[in-house]
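> 3D, please:
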Amino acid sequence: MASITILVIDDQEETLDLIREALQAKGREILTFNCPIQALRETEDRHLDIVLTDLRMPNISGLEVLTEVKSRSPETEVIVLTGHGGVEAAVEAMKKGATDFFTKPLRMVEFTKGVEKLIELQTMRGRLLLALGEAQASY
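Got it, this is the predicted structure:
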């Protein structure tokens with residue numbers, strides 16, 4: 001099974017710890033950053049399956065993170081998190097390519113179910129691409 005890489009960006013360390021603990025499992029790499037600029041710089045050349053980003057952070061917003069991630073890798077799934085939720089922010093995030101939107105404090109059962117579905121999707125996508133590559137190599 002291929003490893004799943006999840007990037008979590010939030011300026012609150014408690015949120016990073018909570019999410020890391022909830023999502024840690026065998027075959028997953030959880031990268032956490034409290035600075036969005038550092039996160040984007042240090043993961044620029046890495047494959048990311050899922051990005052979880054806070055909406056409001058110092059320096060750059062979660063919407064800017066979303067735009068940057070999608071421009072680098074359209075197949076990366078992005079979930080936006082916010083303590084300042086609202087319909088307008090959710091709509092804007094979805095228009096920019098977010099897969100989902102969760103408000104804080106996170107309801108962990110709902111949140112982890114949503115992320116687990118994306119992990120399954122990315123795992124199946126990886127298997128399909130591998131199978132297609134093998135099929136093309138045999139021709």
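> Please enumerate the strands of this structure.
Under the criterion DSSP state E, the chain carries strands at the ranges 4-9, 28-33, 50-54, 77-82, 100-103.
> Distance from the fourth one to the middle of the chain?
Remark: strand 77-82 is offset 6 Å from the chain centroid, using CA atoms, centre = their mean, to the nearest Å.
> what does the third one give?
The gap between the average C-alpha position of strand 50-54 and the chain average comes to 4 Å, counting by CA atoms, centre = their mean.
> likewise the shortest one?
Remark: strand 100-103 is offset 11 Å from the chain centroid, using CA atoms, centre = their mean.
> show me the contacts for residue 39.
For residue 39, the contacting residues are 7, 9, 31, 33, 65, by CB atoms under 8 Å, 6 or more residues apart in numbering. Using the backbone N, CA and C atoms, a C-beta is placed for each residue, glycine as well.
> related to what we said a few turns ago, mean neighbour count, the strands of the chain: which tops it?
Compared across these, strand 50-54 shows the largest average neighbour count, a mean of 26 (mean count of other CB atoms under 10 Å).
> Can you name every helix or strand that that strand contacts?
Counting contacts by 3 or more CB pairs under 8 Å, 6 or more residues apart in numbering; DSSP states H and E, strand 50-54 is packed against strand 4-9, helix 62-72, strand 77-82, helix 108-137.
> can you put those in a markdown table and add mean pLDDT and distance to residue 54?
Output for these, formatted as a markdown table (pLDDT from 0 to 100; distance: least, CB to CB, whole Å):
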| stretch | mean pLDDT | distance to residue 54 |
| --- | --- | --- |
| strand 4-9 | 97 | 6 |
| helix 62-72 | 97 | 5 |
| strand 77-82 | 95 | 5 |
| helix 108-137 | 89 | 13 |
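> between these, which gets nearest to residue 27?
Checking the helices and strands packed on strand 50-54 against residue 27 by CB to CB gives strand 4-9 as the closest, at 6.3 Å.
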